[in-house]
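Provided below for reference: sequence and predicted model.
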Amino acid sequence: MDKRYHIVTYGCQMNVHDSERIAGMLSELGYSSCDSMEEADVVVFNTCCIRENAENHAYGNIGMLKKLKSAKRDMIIAVGGCMPQQIGKADILHKKFPYVDVIFGTHNLNKLKDYILEKQSGKKSVIEIFDSEGEIVEGEHPLRTSYPNAWINITYGCNNFCSYCIVPYVRGRERSRRSENVIEEARSLVSDGYKELTLLGQNVNSYANGSDDIRFPALLEKIAAIDGKFRLRFMTSHPKDFSEELAKAIASDRKICHCVHLPVQSGSDRILKAMNRKYTSADYLKKIEILKKYVPDCAVTTDLIVGFPGETDEDFKATLNLVKEVGYSSAFTFVYSKREGTVAAKMPDQVPEEVCKERIIELVALVNSLTREHSAKYVGKTCEILCEGYDDKRGLFLGRDEYGRMGYFASEKNIIGEFVNMFVEEANGVSLMGKIV
Ligand code: SAH
Ligand code: SF4
Ligand code: F3S
């Protein structure tokens, strides 16, 4: 009988791509993927710890496997990624879930294959966490699951130490892949038929800083120059490093999408300082102005946090005002979550839960109204959509335009991976409904 694996992924796009790397390793061991844990011989939880609810999610799901594991003793359960990488967390996980067979972190993800083999050869459990990041691994064979989209890591780790954020502690110091490796990967993905490449890093703007390699704007231009029709995206840009050169690079080639994710987090200078973001709201608005000077139609999206320690009503109003001023096309909104080990976790004046709740409701309402405004402008116009999938529930194909708007439409034949022109008949919230023309 075929051996099967099932991977459960939490967290950001980088983790989604890490799961593709894990899938690549498991397929080299002869496993094929399956849709449920019940059918699987190996279950991998690729975890996230950015906020408490991400951890609780994973705890809940790992806990639910206890029964299945006692009925299926040969099943291998592995827990990896950002959660076990936190200091002391692997031991906590081992004690809480003694039936988990393999525990690994972010720095030794590429060793999972060996760990599975060790377990198969009779070891009771394999628990290994590396304290530091080590060399960048090249030459892996991720099993990509998002055709026509493909993710390409360009940097790993983060040096910014925003005071609320756990990422620098669980992903290590920032390091960049060599540009020749990145460009080669992009070239081979385009020749394999991928139509949208997204360059990934916690702060792509600081790509190759301090090395003799080319900088991020030049990397973008070189990848865009690869022959073929495809779209190029990148995330995430840190506002403090967003440069005029980058704005020019975006404008230099139509393959580069006119859509930039530029997380602001807060509109209050006092809070931005306490967050260690290294820019003021005025600096941020200046960056937007530079971006719009070169790319006037650029859609801007962002991340926002409410309830950072010490955030007053006035600070929160400053966030609302900045959101209105920029006019984001969409935004991710989060309630601050205290992360042990970060600087903010020790700050006094943690904001009460009820206040956070009120603020997030108000912020979400504002963001939704902006999103609706942006979507409404599409009605009666035609946009180019890259078809990415089929929605079984709606019985429609779906895909996004270069600005990131999701469009739904009918088609007789399977057109996943093709660019289509869609006439927009209706807009609701973040999605557009239309017909191919
Ligand atoms: N490197 C990216 C994204 C990091 S994580 C950046 O710098 O923007 C994605 C988002 O999660 C962050 O932008 C932030 O808005 C949010 N986030 C990070 N830590 C958080 C915390 N402790 N509580 C709430 N939201 C958090
Ligand atoms: Fe976290 Fe800040 Fe680094 Fe983004 S830039 S990953 S928010 S520390
Ligand atoms: Fe990503 Fe979560 Fe880790 S956001 S880097 S998977 S903590």
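Good, I have the coordinates. Treat the numbers as computed from the prediction; the structure is a model and nothing was measured. Numbering: from 1, shown residues only. Ligands and ions are numbered 1, 2, ... in the order given.

Go through whatever helix or strand Val323 lives in and flag the buried ones.
Assigned by DSSP states H and E, Val323 belongs to helix 313-326. For helix 313-326, the neighbour count (16 or more other C-beta atoms under 10 Å) marks Asp315, Phe316, Ala318, Thr319, Leu320, Leu322, Val323, Val326 as buried. (Each C-beta comes from the backbone N, C-alpha and C, glycine too.)

again, but for stretch 67-84
For stretch 67-84, using 16+ other C-beta under 10 Å, the buried residues are Lys69, Met75, Ile76, Ile77, Ala78, Val79, Gly80, Gly81, Cys82, Met83, Pro84.

Looking at those residues, which are in helices?
Members of these lying in helices (criterion: DSSP state H): Lys69, Cys82, Met83, Pro84.

ok now stretch 368-376, how far from the chain's centre?
In terms of C-alpha atoms, centre = their mean, to the nearest Å, the centre of stretch 368-376 is found 23 Å from the chain centre.

any idea of the mean pLDDT in it?
Across stretch 368-376, pLDDT averages out at 96.

With stretch 44-58 instead?
97.

Could I get the buried residues of helix 313-326 in TSV, plus columns for distance to Thr342?
Listed next are those as TSV, based on distance: C-beta to C-beta, whole Å:
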residue	distance to Thr342
Asp315	19
Phe316	21
Ala318	23
Thr319	20
Leu320	25
Leu322	24
Val323	25
Val326	27
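
quick one: which helix or strand includes Ala249?
helix 244-252.

what comes into contact with that helix?
If you take C-beta atoms under 8 Å, 6 or more residues apart in numbering as the criterion, helix 244-252 is touched by 205, 215-218, 220-221, 224, 237, 256, 258, 260, 290-291, 293-295, 298.

What number of neighbouring residues does the closest residue to Ile166 other than its chain neighbours come out with?
In space, and not counting its chain neighbours, Ile166 is closest to Arg339: 4.3 Å by C-beta to C-beta, 6 or more residues apart in numbering. Arg339 is flanked by 22 other residues according to other C-beta atoms under 10 Å.

quick one: secondary structure of Arg339?
For Arg339, the assignment made with DSSP: H, G, I helix; E, B strand; the rest coil gives coil.

For the residue of the stretch 301-437 of the chain found nearest ligand 3, which residues are in contact?
Nearest to ligand 3, among the residues of the stretch 301-437 of the chain, is Arg339, at 9.2 Å (C-beta to the nearest ligand atom). By C-beta under 8 Å, 6+ apart, the contact set of Arg339 is Cys49, Ile50, Arg51, Glu52, Tyr164, Cys165, Ile166, Ala345.

Show me where the stretch 201-350 of the chain has its strands.
231-235, 259-261, 299-306, 330-335 (DSSP state E, counting those that start in this stretch).

Please report how far the residue of the chain most remote from its centre lies from Lys248.
For the chain, the largest distance from the centre (C-alpha atoms, centre = their mean) belongs to Gly122, which lies 36.1 Å off. As defined by C-beta to C-beta, to the nearest Å, Gly122 lies at a distance of 59 Å from Lys248.

for Ile136, same thing?
Computed as C-beta to C-beta, the Ile136 to Lys248 distance reads 28 Å.

Now this structure against ligand 3: closest residue?
Distances between the chain and ligand 3 by C-beta to the nearest ligand atom are smallest at Gly11, namely 2.7 Å.

Now for that residue, how many residues are close by?
21.

Verify the stated contact: it with Glu55.
No. Here Gly11 does not reach Glu55: they are 10.3 Å apart, not a contact under C-beta atoms under 8 Å.

Next, the angle from the biggest helix by length in the chain to strand 330-335.
When the chain is parsed with DSSP H, its longest helix is helix 353-376. For helix 353-376 against strand 330-335, the angle by axes from the mean of the first three to the mean of the last three C-alpha atoms, to 10 degrees is 170 degrees.

neighbouring contacts of helix 353-376?
Helix 353-376 is contacted from outside by 299, 304, 306-307, 311, 316, 319-320, 323-324, 327-331, 333, 335-336, 405, 427-432, using C-beta under 8 Å, 6+ apart.

Would you mind checking those residues for buried ones?
299, 304, 306-307, 311, 316, 319-320, 323, 328-331, 333, 335-336, 405, 427, 431-432.

among the contacts of Arg339, which are in reach of ligand 2?
Taking C-beta under 6 Å from any ligand atom as the test, ligand 2 is in contact with Cys165 out of the contacts of Arg339.

Sort out for me which of the contacts of Arg339 are in helices.
Glu52.

Just the buried ones from the contacts of Arg339, in ChimeraX syntax?
A single ChimeraX command is used to select the members of these judged buried by 16+ other C-beta under 10 Å:
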select :49,50,51,164,165,166
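
Validate this expectation: Asn414 resides in a strand.
No. Counting by three-state DSSP, Asn414 is not part of a strand but coil.

near ligand 2, which residues of the protein?
Within the chain, the positions adjacent to ligand 2 are Cys158, Asn160, Phe161, Cys162, Cys165, Val167, Pro168, Gln202, Asn203, His238 by C-beta under 6 Å from any ligand atom.

Just give me the neighbour total for the residue of the stretch 301-437 of the chain found nearest ligand 2.
The minimum distance from the stretch 301-437 of the chain to ligand 2, using C-beta to the nearest ligand atom, falls at Asp303 (7.9 Å). For Asp303, the neighbour count with other C-beta under 10 Å is 14.
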